[in-house]
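okay, predicted coordinates and the sequence, questions at the end:
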Amino acid sequence: MTLEDLGWNAQFAAEFTPFEKKGWAPARLIRDNKITYGALLEGGEELEVIMGGKVYHDAESDAELPAVGDWVALDVGDDGEETVIRARLSRQTCFSRKLPGKSSEEQVMAANVTVVVVVTDAGSDFNPRRMERYFMLIERSRAKAVVLVNKSDLFPAEVNEQARAEISELSKDADVFITSAVKNEGLEVLKSYLQKGVSITLVGSSGVGKSTLVNQLLGEEWQWTSEVNELTGKGRHTTTARELMVLEDGGILIDNPGIREVQMWTDETTLRESFADIEQIAGVCKFHDCKHGKDKGCAIRAGVEDGSLDIERYESFLKLEEEIADLQKRQKKRKILVERRAKRDHRVKARNLADRIDYEKEQNPERGSSRGR
C-alpha cells in the first residue's frame, strides 16, 4: 500500500518537507479512539498513536485537533515507546457541521474527502429541506456532492423518480442516483467514484441503508445490520464511530454514524450561492431595500403568489438565514469571552511574576540590590 493509495498528493508532500527532515513519518488517521488514534502508514502498517502536547495547545478549537481523514506527521517511537502526532497537515477539504445544541463549535465529520455521498430514500426519510442543508455543508467543504435515493425496492418507480428529480432541482452540481443496496442495484455508480487515492464519506439518517452499502463495497459483513422494520421500512445499523477504510479495488471510504440533526456550519456567502434562485428573484424587486413583505413591487411575494417560487423553499431560506446569523452572533460572543479570558490570564501571570520577584528581593536583599546596579 503506497501513500498515494491513501490519498497522498504533491500538495501534501510539499507541506511535509520540513517534517521529513526531522525524521517524522507521514500517516493518515483512520480512527479516533478519544484518547488515542489509529494511524495508517505507507505499506499498510497500522499504529496506535497519541497527540503531542504542541498539537493540542496550538489548536484554537476542537475542530483544529486531528480528526479521521487527516494527514499527520508521526514521531515513531522505538520499541516500547509511544508514537506521537507532532503536526497535522492542512486540510484540502473539510466536511463539518455545527455541534448539536446551542454550541457554537464546529464538528469535523471527515477531513480530506473528495466526495460526500448522502444516502436517503423516497419514503419517510425524504426531506428536501434537510437535503438543502446537506448541499450547503458539502459546498462549503469543497467536496463533490452525490446523493443516493436508496431502498428503491420498497417504493414504486415513479415515487423514486420524483424524489430524485426534486433533489436534483436543489443543486445543479450534485449527482443524484436511485439505488437499492439490498438488490445490489446501482452500486456500480458508487464504485465509479472510488478510484485510487479518492476519499468518499457516507452520511445520512440511521436506517437508510448506509451499512448495507458499506458491507457490499467491502465484500464482507464489516458492520452488522438488522432486519428491516415492517412498519417503517428501516433497518437499524450499528455505525457508532467514524472510521476510514481502504478498499481492495481502490478508493477510500469514511463511514459516519447516522445523523439526526444537520446543524449548519457555513456562512452567508454560501447561503446566497445555494439559494441563487431566490437571490435572482429578489434582485428584480421594485425597491433595493425591499423587506419582501407587503412592500409594493415585491418580486418575492409575487413569485410565491403565482407559484413560481416554492413557499417552503423560501421559508427554509429565511430559517437558514436566521440560523446562520445566530451562529455568527454566538461565535462573536465566544471570541470576546476567549479574548477576555486570555487578557485575564496574562494579567494574572504578570502579577504572579511581580510577586515572585518581590519575594526573591525580600529573601535576598543583597542580590536584589546588585540587580539594580
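Cool, the structure landed.

CA only for contacts and neighbour counts going forward, please
OK.

look up phi and psi at Gly204.
Main-chain torsions, Gly204, degrees, to the nearest 10: phi 150, psi 170.

for it, name its beta-bridge partners.
Val119 (DSSP bridges).

that one: neighbour count?
If you count neighbours by other CA atoms under 10 Å, Gly204 ends up with 25.

next one: it relative to Tyr134, how far apart?
Distance from Gly204 to Tyr134, counting by CA to CA, to the nearest Å: 9 Å.

identify the contacts common to those two.
Residues touching both Gly204 and Tyr134 (CA atoms under 8 Å, 6 or more residues apart in numbering) are Val118.

ok, which stretches of this protein are strands?
In the chain, the strands defined using DSSP state E lie at 25-32, 37-41, 46-51, 71-75, 83-88, 94-98, 106-111, 115-121, 144-150, 175-178, 199-204, 243-246, 252-255.

so what does the third one touch, helix or strand wise?
Counting contacts by 3 or more CA pairs under 8 Å, 6 or more residues apart in numbering; DSSP states H and E, the secondary-structure elements packed against strand 46-51 are strand 37-41, strand 83-88.

the last one - which strands sit beside it in the sheet, and in what orientation?
Using DSSP bridges, the strands paired with strand 83-88 in its sheet are strand 46-51 (parallel), strand 71-75 (antiparallel).

thinking again about what came up before, with mean pLDDT and distance to Leu217 added, can I get the helices and strands packed on strand 46-51 in TSV?
Shown next, in TSV, are the helices and strands packed on strand 46-51 (pLDDT from 0 to 100; distance: least, CA to CA, whole Å):
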stretch	mean pLDDT	distance to Leu217
strand 37-41	94	20
strand 83-88	96	29
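
make JSON lines out of these and add mean neighbour count.
Shown next, in JSON lines, are the helices and strands packed on strand 46-51 (neighbours: other CA atoms under 10 Å):
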{"stretch": "strand 37-41", "mean neighbour count": "22"}
{"stretch": "strand 83-88", "mean neighbour count": "22"}
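
in JSON lines, list those along with distance to Val115.
JSON lines is the format used below for the helices and strands packed on strand 46-51 (distance: least, CA to CA, whole Å):
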{"stretch": "strand 37-41", "distance to Val115": "21"}
{"stretch": "strand 83-88", "distance to Val115": "21"}
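
quick one: low-confidence ranges for this structure?
Applying pLDDT under 70 to the chain flags residues 98-105, 220-241, 257-274, 293, 323-339, 341-342, 365-373.

among the strands of the chain, which is nearest Lys319?
strand 94-98 (15.6 Å; CA to CA).

out of the strands paired with strand 83-88, deepest packed?
Burial of these is given as mean neighbour count (mean count of other CA atoms under 10 Å); strand 71-75 ranks first at a mean of 24.

can you list the neighbours in contact with that strand?
The contact list for strand 71-75, computed with CA under 8 Å, 6+ apart, reads 16, 19, 23-29, 66, 83-90.

number of nearby residues for the nearest residue to Gly197 once chain neighbours are set aside?
Residue nearest to Gly197 in three dimensions, not counting chain neighbours: Gly7, with 4.0 Å by CA to CA, 6 or more residues apart in numbering. Number of residues near Gly7 (other CA under 10 Å) recorded here: 21.

for Leu137, same thing?
Neighbour tally, Leu137, other CA under 10 Å: 27.

quick one: it from Ala13, how far?
Counting by CA to CA, the gap from Leu137 to Ala13 is 28 Å.
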